[in-house]
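1. Next input, structure requested:
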Amino acid sequence: MTPSPWPKSDRASIEAFYGTHRLGLDGTPSASWQRENLVLLQTPFPLRLSWEPATTVNRVRCHRRVADSLDRVLRAVLASYATVEAVRAARVDLFGGVYQFRRISGKKALSFH
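-> Numbering: from 1, shown residues only. The predicted structure is shown next:
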């Protein structure tokens, strides 16, 4: 069995895989860290926001380490359902987000989002 390239769910494995955030003076990821690590991925079909289904997005911001895999998954979904209408009818187009910088509520530690 080939080992998974994805990190385990512990903080050390995740930081080893994705790297550690470099924060700016305002406490959010620095512009240089964002340029080096985040990419905008054009989606092969519109994604509806799960909390506001009337709103669609055609691009998502994600870490560069997951962009190729996410693109392949979304393209496979479209290929499997054959049409955007079939994807939407199956509600597979509902999107809850990818990368989101935030701290664990009430703590200094960063969330895994």
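2. Next, the contact list for the most centrally placed residue in the chain, please.
-> By C-alpha atoms, centre = their mean, the mean C-alpha position of the chain lies nearest to Val98, the distance being 2.5 Å. Applying C-beta atoms under 8 Å, 6 or more residues apart in numbering, we find Val98 in contact with 60-63, 66, 70. Where C-beta positions appear, they are placed from N, C-alpha and C, glycine not excepted.
3. Show the buried residues in those residues.
-> 60, 62, 66, 70 (16 or more other C-beta atoms under 10 Å).
4. farthest-separated two in these?
-> Distances among those were taken as C-beta to C-beta; the most separated pair is Val60 and Val66, at 10.2 Å.
5. Quick check: phi and psi at the residue nearest to Phe95 when sequence neighbours are not counted.
-> Ranked by C-beta to C-beta, 6 or more residues apart in numbering and with sequence neighbours excluded, the top spatial neighbour of Phe95 is Leu47, at 3.7 Å. With angles defined as degrees, to the nearest 10, Leu47 sits at phi -110, psi 130.
6. now the one 4 residues further on
-> As for Trp51, its main-chain torsions (degrees, to the nearest 10) stand at phi -90, psi -10.
7. Got the confidence number for it?
-> With respect to pLDDT, Trp51 scores 95.
8. before we move on, what about Gly106?
-> As predicted, Gly106 sits at a pLDDT of 82.
9. which residues touch the helix or strand hosting Ala12?
-> Per DSSP states H and E, Ala12 falls inside helix 11-18. Residues outside helix 11-18 that contact it (C-beta under 8 Å, 6+ apart): 6-8, 37, 63, 65, 109, 112.
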